[in-house]
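>>> Pasting a predicted model and its sequence here:
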Amino acid sequence: MTLASSIINPPIKAILSTFLKVDDSEVVRIPMQGPLIIATNHINSLDAPVGFSHLHPRPVTAFVKIETWNNFLMKWLFDAWEAIPIKRGVVDFEAFRLADEALKKKKIIIVAPEGTRSYHGRLNKGYPGIVMLAIRSGVPILPVVFFGNENLKIKLARRTHMTIKVGEPFKIDTKGEAFSKEVRTQVTDEIMYEIAALLPEKNRGVYSNLLQNKREYLSFTK
């Protein structure tokens, strides 16, 4: 956690509380330091400020699309959070190098396998970048979800309810199999089903059928 983030997180949390009523009672289940990968859903632009401010004072970073740095205010904010800029649509080796460094420093990195915001709150198909990061680092994955902010209506007098839910940590175990495209896809889907299981049924999207989660490559830690 940087000095800048320790200064900005409390006021950001206070500002958010004027229009969001966040149930963060399960955040205590998140370790106070890493190395740890948080696998999450991505609804809208509120996910990041809620995540960073409500996980404070944990040393948190996250992948954030590189275009965000084109805006001066957003650049300042995400630099303060030490977020990792990532190019979408390509394998960004520099972003993964920075992520590896962050994990070696016992940070917690937030990864949204969907890669972009859904806006409607329902899960979209996940991408395998998180799998590669977890395999390379050997770090456990913790599913954490946000929901309710898809219902945000600023003009209403009442605050919007938002919830943070935390699952169980696990590691990826390929059981010595070749790490083929098919295996990467299945592991990604298994991670996404763990995310889906924490969400209300209406938010599970393409992962609504939890019975399809084989958990073949996930090893749950105590």
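Received it, and whenever you're ready, just let me know what you need. Keep in mind that what you see is a predicted model, and the values were worked out from it rather than measured.
>>> could you pull out the helices for the chain?
Assignment of helices within the chain using DSSP state H yields the ranges 3-16, 47-55, 72-80, 93-104, 129-137, 181-198.
>>> looking at these, which has the lowest confidence?
Mean pLDDT across the helices of the chain is lowest at helix 3-16; the value there is a mean of 91.
>>> how far out from the middle of the chain is that one?
The gap between where helix 3-16 is centred and where its chain is centred comes out at 19 Å by C-alpha atoms, centre = their mean, to the nearest Å.
>>> what packs against it?
Using 3 or more C-beta pairs under 8 Å, 6 or more residues apart in numbering; DSSP states H and E, the elements in contact with helix 3-16 are helix 47-55, helix 72-80. From N, CA and C alone the C-beta is placed, and that goes for glycine too.
>>> For these, give me TSV that also has distance to Phe220 and mean neighbour count.
As requested, the helices and strands packed on helix 3-16 are exported to TSV (distance: least, C-beta to C-beta, whole Å; neighbours: other C-beta atoms under 10 Å):
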stretch	distance to Phe220	mean neighbour count
helix 47-55	22	21
helix 72-80	32	14
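>>> Could you save these as JSON lines and add columns showing distance to Asn9?
Below are those laid out as JSON lines (distance: least, C-beta to C-beta, whole Å):
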{"stretch": "helix 47-55", "distance to Asn9": "5"}
{"stretch": "helix 72-80", "distance to Asn9": "9"}
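>>> how about the nearest residue to Lys13 once chain neighbours are set aside, what does it touch?
The spatial neighbour of Lys13 that comes closest, neighbours along the chain excluded (C-beta to C-beta, 6 or more residues apart in numbering), is Ser53 at 3.9 Å. Contact analysis of Ser53 by C-beta atoms under 8 Å, 6 or more residues apart in numbering lists Asn9, Pro10, Ile12, Lys13, Leu16.
>>> roughly how far apart are the first one and Pro49?
This points to Asn9. In this view, Asn9 and Pro49 are 9 Å apart by C-beta to C-beta, to the nearest Å.
>>> How about the third one?
Counting by C-beta to C-beta, the gap from Ile12 to Pro49 is 5 Å.
>>> for the last one, same thing?
In this structure, Leu16 and Pro49 are separated by 6 Å, where distance is defined by C-beta to C-beta.
>>> ok, back up a step: Gly176 is nearest to which of the helices and strands packed on helix 3-16?
Of all these, it is helix 47-55 that lies closest to Gly176, at 35.0 Å by C-beta to C-beta.
>>> one step back: now for the helices and strands packed on helix 3-16, which one comes closest to Pro140?
Each of those has some distance to Pro140 by C-beta to C-beta; the shortest is helix 47-55, at 16.3 Å.
>>> now the closest one, how far from the chain's geometric center?
10 Å.
>>> What of stretch 179-196?
The gap between where stretch 179-196 is centred and where its chain is centred comes out at 16 Å by C-alpha atoms, centre = their mean.
>>> Repeat that for stretch 101-113.
Computed by C-alpha atoms, centre = their mean, the separation of stretch 101-113 from the middle of its chain amounts to 10 Å.
>>> Likewise for stretch 84-95?
The offset between the C-alpha centroid of stretch 84-95 and the centroid of the whole chain comes to 16 Å, using C-alpha atoms, centre = their mean.
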